[in-house]
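Asker: make a model of this:
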Amino acid sequence: MKLKVQAAAVAWALLVVSAASAAPGVASKDPAQMAAGEYTLDPTHSSLTARVSHIGFSNFTLRFDGLSGSLVYDPAHPEMASVKVTVDPKSVDTQVPALTAELQGQKWLNAAQYPAITFLSKAVRPEAGGHGKVDGELSLLGVTKPVTLDVDFNGSGKGLMGETRAGFSASTVIKRSDFGLKTYEPVIGDEVRFVIEAEFTKK
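Answerer: Below you'll find the predicted structure:
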């Protein structure tokens, strides 16, 4: 009986340790610990929001839900990482149906003629503490301009299904007039601040 109790105790201890080691969530916030390989953007747990001044009274916020993208990363050479993200302009959402439809139209995002907004990285500049900058090219309304993202590494670890995940937060500011978008200036501000939450899963 004593041996059976001891065996059960050992089995329970191993089960607890195994469950703890397999628990989902961030395992490390050190970019050097992130697994090398190719990652795919998880659109369900990623977001892109944009903020623009409305007559100076508020920073109106809108959201894009149609996101896709990829990331290639090697912790031995983080400066060689590459990322590509595509945004569907038809996925813009303001929570005001009439305004959302207007933003999709010709005066704004012209989604019928330009069905994709893209960002393609050109250089990655790692900094201390999981911070860094990603230089790339933003293509919007048929115009391509250089853009730099300020990026924070949120960590890497396991998802709920045991998959390898990594997360980042990023932001940048552009002038919409650089892309030929001058509708309602100066009532609507020229500067647009983009805030990105990106969660990737390893292939």
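Asker: next, give phi and psi for the nearest residue to T183 once chain neighbours are set aside.
Answerer: Leaving aside its chain neighbours, T183 sits nearest to K107 (4.8 Å; criterion: C-beta to C-beta, 6 or more residues apart in numbering). Where C-beta positions appear, they are placed from N, C-alpha and C, glycine not excepted. The phi and psi values for K107, taken as degrees, to the nearest 10, are phi -70, psi -20.
Asker: go on, D30?
Answerer: Torsion angles, degrees, to the nearest 10, at D30: phi -100, psi 120.
Asker: and the closest residue to it other than its chain neighbours, how many neighbours?
Answerer: Spatially, and ignoring its direct neighbours in sequence, D30 is nearest to G130 (7.2 Å; C-beta to C-beta, 6+ apart). For G130, the neighbour count with other C-beta atoms under 10 Å is 17.
Asker: hang on, K182 in a strand?
Answerer: No. Counting by DSSP: H, G, I helix; E, B strand; the rest coil, K182 is not part of a strand but coil.
Asker: and it, what's its pLDDT?
Answerer: K182 carries a pLDDT value of 97.
Asker: try F194
Answerer: The model's pLDDT for F194 equals 98.
Asker: remind me which helix or strand it belongs to.
Answerer: Per DSSP states H and E, F194 falls inside strand 188-202.
Asker: next one: that strand to chain centre, how far?
Answerer: How far strand 188-202 lies from its chain's middle: 7 Å, per C-alpha atoms, centre = their mean, to the nearest Å.
Asker: cool, and stretch 127-144?
Answerer: Distance of stretch 127-144 from the chain centroid (C-alpha atoms, centre = their mean) equals 12 Å.
Asker: list the buried residues for that stretch?
Answerer: For stretch 127-144, the neighbour count (16 or more other C-beta atoms under 10 Å) marks 130, 132, 134, 136, 138-141 as buried.
Asker: for that stretch, what is the average pLDDT?
Answerer: pLDDT averaged over stretch 127-144 gives 97.
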